[in-house]
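Asker: build me a model from this:
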Amino acid sequence: MPLPNIPQPQLLPIAPGLRLRRYDGHYEIFLPGYQTPAVYENSEGIFDLEKIPDLGYVKGMCNFLDRAGELYYIEIEESGAFVPIGDVTIKPQNPPIALWREEYRGRGIGRQVMQAVIARLRALGYEKISGSSVFRWNTASQRLHESLGFYRVGENEREFFYDLTL
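Answerer: Numbering: from 1, shown residues only. Sure thing, here's the model as predicted:
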């Protein structure tokens, strides 16, 4: 579901060969990515191998995120066709992002996607992103947030919380 009273675009271009495509209900596409250790540990905080996300978990997650904001597939162009490599939800509280495929991590895609989230929220008139949570062990995400101007506003035993004034 889009943000309240705001139509959700089908596509949000980010850069040549990189775009966001509106979630279309095919949650099964998310499953292989969320069963990748880097994703389920850094995104979901799961280390117990008996609790690795299954299709029911992914379906519930997608349903929640689709109701909470604008859920998109992160897509990259490969051999002339766009393929999903992750997901992001544009919302002003704790916008989650996950890159499912290892070969695309550490290449600046997460930064570009988060900049698109910031730009979309700013264009819609939002003044702040609040409560963006990052697990303590996810130092790459901490660096990303801080390099984009997010500031740490709190923490608990597992997470840091960041805000950004838009």
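Asker: ok, now how distant is the residue nearest to the spatial centre of the chain from E50?
Answerer: In the chain, the centroid-proximal residue (Cα atoms, centre = their mean) is I97; its distance is 1.4 Å. Computed with Cβ to Cβ, to the nearest Å, the distance linking I97 and E50 is 26 Å. In this view, the C-beta of every residue, glycine as well, is placed from N, C-alpha and C.
Asker: go on, G106?
Answerer: 29 Å.
Asker: okay, those two: which has more neighbours?
Answerer: In terms of neighbours (other Cβ atoms under 10 Å), G106 is the more surrounded of G106 and E50; the figures are 10 against 5.
Asker: now the helices for this protein?
Answerer: 31-34, 37-42, 55-68, 109-123, 139-147 (DSSP state H).
Asker: so L164 bridges to which residues?
Answerer: Beta bridges link L164 to I129, judged by DSSP bridges.
Asker: if I look at it, how far off is T36?
Answerer: If you go by Cβ to Cβ, the gap between L164 and T36 works out to 27 Å.
Asker: who has more neighbours, the two?
Answerer: Neighbours per residue (other Cβ under 10 Å) separate L164 from T36, with L164 holding more: 22 against 18.
Asker: quick one: residues contacting L144.
Answerer: 110-111, 114 (Cβ atoms under 8 Å, 6 or more residues apart in numbering).
Asker: pLDDT wise, what is the closest residue in space to E159 that isn't next to it in sequence at?
Answerer: Counting by Cβ to Cβ, 6 or more residues apart in numbering, E159 lies nearest to S133, which is 4.7 Å off, once chain neighbours are set aside. Looking at S133, its pLDDT is 96.
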